[in-house]
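>>> Fold the following for me, if possible:
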Amino acid sequence: MDPMMKSSLWQQFGAAIDMLDDAIRLCPQSLWTAQLWKDPDEPAYGQVWYVAYHTLSWLDLYLGGDYDSFVPPPPFVRGQLPNEPYTKAQILTYLRDVRSRCQSTIEAMTDERAQQICTFDWVEVPYWELQLYTMRHTQEHASQINMLLGQHDVAGLDWVTIARNGNS
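Coordinates of the predicted model:
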């Protein structure tokens, strides 16, 4: 696969992940369980901690390109809410690991992998497009958390232009 295409994808994908990282790090404990929105099925689904976890879980799943074989790393359990919210430390560890995997996956991507069709119950797309979709999803939720933090006068939020070097 063209090196410039892979580099550009990583620089922008990494920047989206870094913006999520910033939002999580800057989120005060008092807002960790704040509601971004009301979810009629489960109140926790709209809380900051869960939105961060949800973002990383789907990023992790879509990097693999297969729903059926996905198993999140401990302490996370697929399809089950924990008794207590995941901690910032747990989420940041997951973010660091998924960020590293995202970078290595993109760097190793071949034309064949990019064109491979990924089939889910809700969509069928080439792997390359799935990664663009996932980047948008990551940026969306990073922005939602950032907006909440801004509304509570949390300082330090800033736009990340390209992926930072090294781990967050």
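>>> can you give me the strands for the chain?
117-119, 124-126 (DSSP state E).
>>> Mind putting the ones you listed into TSV with mean pLDDT, mean neighbour count and distance to residue 88?
Using the backbone N, CA and C atoms, a C-beta is placed for each residue, glycine as well. As requested, the strands of the chain are exported to TSV (pLDDT from 0 to 100; neighbours: other Cβ atoms under 10 Å; distance: least, Cβ to Cβ, whole Å):
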stretch	mean pLDDT	mean neighbour count	distance to residue 88
strand 117-119	97	14	31
strand 124-126	97	14	32
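>>> do you know which of those strands lies nearest residue 38?
Nearest to residue 38 among these is strand 124-126; the distance by Cβ to Cβ comes to 30.3 Å.
>>> What's the local residue count around residue 50?
23 (other Cβ atoms under 10 Å).
>>> now the one 4 residues further on
Each residue near residue 54 was counted by other Cβ under 10 Å, and the total is 13.
>>> now the strands of the chain as JSON lines including distance to residue 39?
Shown next, in JSON lines, are those (distance: least, Cβ to Cβ, whole Å):
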{"stretch": "strand 117-119", "distance to residue 39": "27"}
{"stretch": "strand 124-126", "distance to residue 39": "26"}
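>>> Okay, now the unreliable bits of this structure?
166-168 (pLDDT under 70).
>>> swap the cut-off to 50 and go again
Applying pLDDT under 50 to the chain flags the ranges 168.
>>> ok, back up a step: closest to residue 105 out of the strands of the chain?
strand 117-119 (13.1 Å).
>>> The chain: helices as residue ranges?
Ranges of helices within the chain are 3-26, 48-64, 88-108, 111-115, 127-151, based on DSSP state H.
>>> and of those helices, who's closest to residue 159?
helix 3-26 (7.5 Å).
>>> Give me the buried positions along that closest one.
Using 16 or more other Cβ atoms under 10 Å as the burial criterion, the residues of helix 3-26 that qualify are 6, 9-10, 12-24, 26.
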